[in-house]
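Colleague: how does the following fold in three dimensions:
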Amino acid sequence: MALDVVGKLGRVTAAITPGHLGEVLIEVRQGTERFLARSSDAGATIPQHAQVIVVGSLGGRTVEVEPTDTLRLNS
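Modeller: Numbers count the residues shown, from 1 in each chain. Sure, this is the predicted structure:
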């Protein structure tokens, strides 16, 4: 299930803090679903309402995310 969301954008609904899972809302199929999430940077905090991109699946309904403001596009 979670593999379907890799590469999708989401919104943090419960802050993600070091060593703890947070929660993200991701658009899937015809609506949105909640997933548990952790940051790809183990020491980072991602605040509530931040936009993130899903970079990996941790199994079940748990995903790994990065804030979109850290993305760098190659020219």
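
Colleague: the strands in the chain, which residues?
Modeller: Using DSSP state E, the strands of the chain run over residues 9-14, 22-28, 31-39, 51-57, 62-67.

Colleague: point out where this protein drops to low pLDDT.
Modeller: 1-3, 70-75 (pLDDT under 70).

Colleague: circling back to that earlier point, reformat the strands of the chain into a markdown table and put distance to residue 45 and mean neighbour count next to each item.
Modeller: C-beta: built from backbone N, CA, C; applies to glycine. Shown next, in a markdown table, are the strands of the chain (distance: least, CB to CB, whole Å; neighbours: other CB atoms under 10 Å):
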| stretch | distance to residue 45 | mean neighbour count |
| --- | --- | --- |
| strand 9-14 | 10 | 18 |
| strand 22-28 | 9 | 18 |
| strand 31-39 | 8 | 18 |
| strand 51-57 | 12 | 18 |
| strand 62-67 | 10 | 20 |
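
Colleague: tell me the bridge partners for residue 38.
Modeller: residue 64 (DSSP bridges).

Colleague: quick one: it and residue 23 touch, right?
Modeller: No. Applying CB atoms under 8 Å as the test, residue 38 and residue 23 come out as separate, 10.6 Å apart.

Colleague: surely residue 65 meets residue 38?
Modeller: Yes. Using CB under 8 Å, residue 65 is in contact with residue 38, at 7.5 Å.

Colleague: name the residues contacting each of the two.
Modeller: Common contacts of residue 65 and residue 38 (CB atoms under 8 Å, 6 or more residues apart in numbering): residue 16.

Colleague: now do the contacts for residue 19.
Modeller: Residue 19 neighbours (CB under 8 Å, 6+ apart): residue 42.

Colleague: need the contact list for the most centrally placed residue in the chain.
Modeller: With distances taken as CA atoms, centre = their mean, residue 65 lies nearest the centre of the chain, 3.4 Å away. The contact partners of residue 65, by CB under 8 Å, 6+ apart, come to 10, 12, 16, 24, 37-40, 46, 52-55.
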